[in-house]
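how does the following fold in three dimensions:
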Amino acid sequence: MRRGPMRTGRLTVIYIAGAGRSGSTILDRILGTVPRVTSCNETVRVWRNGFLENLGCACGSRFRDCPFWSAVAEEAFPSGEPNPERTDGLQWEVSRSRYFPRLLADPSPQSSFGARLAEYRATLGPLYRAIAEVSGCDVLVDSSKLPGEALVLAGIPGIDVRVVHLVRDARAVAHSWRRDRRDPGLRRRQDRHPHHLRAVRGGDLHPDRQGRNSQHPDYGWRQQRQRCIPRALAPDAGSGCPGAPP
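Have a look, this model is predicted:
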């Protein structure tokens, strides 16, 4: 694969945080059109959806057949890929919201949590640097959205993390979850959000438990639980692979 131009500066990651269906893919792609900036989509899913399950990339190839990601893997792990199942497990053992206090406390590597965090960062750092080297860009846009992952990433030396907190009207988010959409990674449509949507009154976040007046214009829709993890590496066509044609 032909690589991008030589990098000229420090690696910066623009990390988009927020709820699913908030428009992060659109923002990711727009920012990726800026010179020396590349769109990575949701890098948080690369271990399971890419290395482990070999799902589809936005370029139309399977992950391991994609020229860009193949070059990234070779650059990041010249001695052989890490165990993707273990890395995926480490990810959820250190980056979930419940671990915020531990992450902020900068745990000692001698502690059990600190050891897992150090191991995960030791794998995550080379991946981001390899994406930058292969793309030839000094700025990466990561729309993983999970705030814990941003904290993990911020602790890796040599990576400057800038967080964009993306907020969309809750009614629009809920409406988006009510619609099915095609999931190019799985080659099928993505199911609607499995959890119930409850009516709320204006900006009030208290649910209308009785469901009364849910069609009143003063009522919107709010997700009872917004966190959902689609399995595809590229949730929208035309995203997820910096090597894919625009």
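
so Val44: helix, strand or coil?
Assigned by DSSP: H, G, I helix; E, B strand; the rest coil, the conformation of Val44 is helix.

which residue, other than its chain neighbours, is closest to it?
Across the structure, with CB to CB, 6 or more residues apart in numbering as the measure, the residue nearest Val44 apart from its sequence neighbours is Ser144 (3.6 Å). To be clear about C-beta, it is placed using only N, CA and C from the backbone, and glycine gets the same treatment.

OK, contacts around Ile159?
By CB atoms under 8 Å, 6 or more residues apart in numbering, the residues touching Ile159 are 11-13, 125, 128-129, 153.

tabulate the CA atom coordinates of the lengthiest helix in the chain in CSV.
Among the elements of the chain assigned as helix by DSSP state H, the one spanning the most residues is helix 112-135. Once side chains and other backbone atoms are set aside, the C-alpha atoms of helix 112-135 remain, and they are given as CSV (Å, rounded to 0.1, in the frame of the first residue of the first chain):
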residue,chain,number,x,y,z
SER,A,112,-3.9,-5.4,39.7
PHE,A,113,-5.9,-2.6,38.0
GLY,A,114,-2.7,-0.7,37.2
ALA,A,115,-1.0,-3.7,35.7
ARG,A,116,-4.0,-4.3,33.4
LEU,A,117,-4.1,-0.6,32.4
ALA,A,118,-0.4,-0.5,31.6
GLU,A,119,-0.7,-3.7,29.5
TYR,A,120,-3.6,-2.2,27.6
ARG,A,121,-1.9,1.1,27.0
ALA,A,122,1.2,-0.7,25.8
THR,A,123,-0.8,-2.2,23.0
LEU,A,124,-3.0,0.8,22.3
GLY,A,125,-0.1,3.3,21.9
PRO,A,126,1.6,1.5,19.0
LEU,A,127,-1.8,1.1,17.2
TYR,A,128,-2.4,4.9,17.2
ARG,A,129,1.1,5.7,16.2
ALA,A,130,0.9,3.2,13.3
ILE,A,131,-2.3,4.7,12.1
ALA,A,132,-0.5,8.1,12.0
GLU,A,133,2.5,6.7,10.3
VAL,A,134,0.6,4.8,7.6
SER,A,135,-1.7,7.7,6.9
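
perfect, I'm done here.
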